[in-house]
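In: sequence-free structure coming up:
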């Protein structure tokens, strides 16, 4: 019988536990989230495409998982996509989709093996929040991006319960280190009644 991971994915855990959970989930992830109407990747990709001036420039899909976000980015017109993720088994599923220029396993406690400044845009779709990456990852991405680069990210209802998450976005905008180009509330996983906010920021 297929295990249901959506009932446990939002529990707090450390990076190693998160990697193990996603490795175990990798073979059934796409089916489970699609069954529940996972729409945030499409919402994020469409939002990013509205503000991208050149979709031939490379995009980094940070926390790309099995590649559903990469598929959404490709369908939205982005041509060159690199992916990074903690889970090797998730990346194996992404590789089978043949969407990415490169796929790289990352370690939560090590420096990123890619130069963020080389990307015109970064996508962090479903990455930050309860049971996933801390909001400090948002800071790391923003600091590493080149001025003028775009970041699209999502915060689901669980992530929004911690006001520090959206508050950190506001801090970057309020101090003029970034411009908020887009913010929209909408469905995330309608099958379990979960919504999300989608944001597009430009680093100044």
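Out: Thanks, I have the structure now. Note that this is a predicted model, so its numbers are computed, not measured.
In: helices of this structure, residue ranges please.
Out: Assigned by DSSP state H, the helices in the chain fall at 15-35, 40-51, 68-75, 88-97, 136-144, 157-161, 163-174.
In: CSV for those, including mean pLDDT, distance to residue 151 and mean neighbour count?
Out: C-beta: built from backbone N, CA, C; applies to glycine. What follows is the helices of the chain, written out as CSV (pLDDT from 0 to 100; distance: least, Cβ to Cβ, whole Å; neighbours: other Cβ atoms under 10 Å):
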stretch, mean pLDDT, distance to residue 151, mean neighbour count
helix 15-35, 86, 21, 17
helix 40-51, 98, 9, 21
helix 68-75, 98, 13, 24
helix 88-97, 96, 20, 18
helix 136-144, 97, 6, 17
helix 157-161, 95, 15, 17
helix 163-174, 97, 10, 15
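In: as CSV, the ones you listed with distance to residue 201 would be great.
Out: Compiled in CSV, the helices of the chain are given as follows (distance: least, Cβ to Cβ, whole Å):
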stretch, distance to residue 201
helix 15-35, 25
helix 40-51, 10
helix 68-75, 17
helix 88-97, 25
helix 136-144, 8
helix 157-161, 16
helix 163-174, 7
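In: closest one to residue 199 among those?
Out: Comparing those against residue 199 with Cβ to Cβ, the closest turns out to be helix 163-174 (6.1 Å).
In: got the angle for that closest one vs helix 136-144?
Out: For helix 163-174 against helix 136-144, the angle by axes from the mean of the first three to the mean of the last three Cα atoms, to 10 degrees is 20 degrees.
In: quick check, pLDDT for residue 112.
Out: On pLDDT, residue 112 comes in at 93.
In: ok, residue 6 next?
Out: For residue 6, the model assigns a pLDDT of 72.
In: thought residue 193 was touching it, still the case?
Out: No. Contact criterion Cβ atoms under 8 Å: residue 6 and residue 193 do not qualify, at 11.4 Å.
In: more neighbours: those two, which one.
Out: Per other Cβ atoms under 10 Å, whichever of residue 6 and residue 193 has more neighbours is residue 6, with 17 against 10.
In: for that one, what are its contacts?
Out: 32, 33, 36, 189, 192 (Cβ atoms under 8 Å, 6 or more residues apart in numbering).
In: next one: residue 148
Out: So residue 148 contacts 202, 203 (Cβ under 8 Å, 6+ apart).
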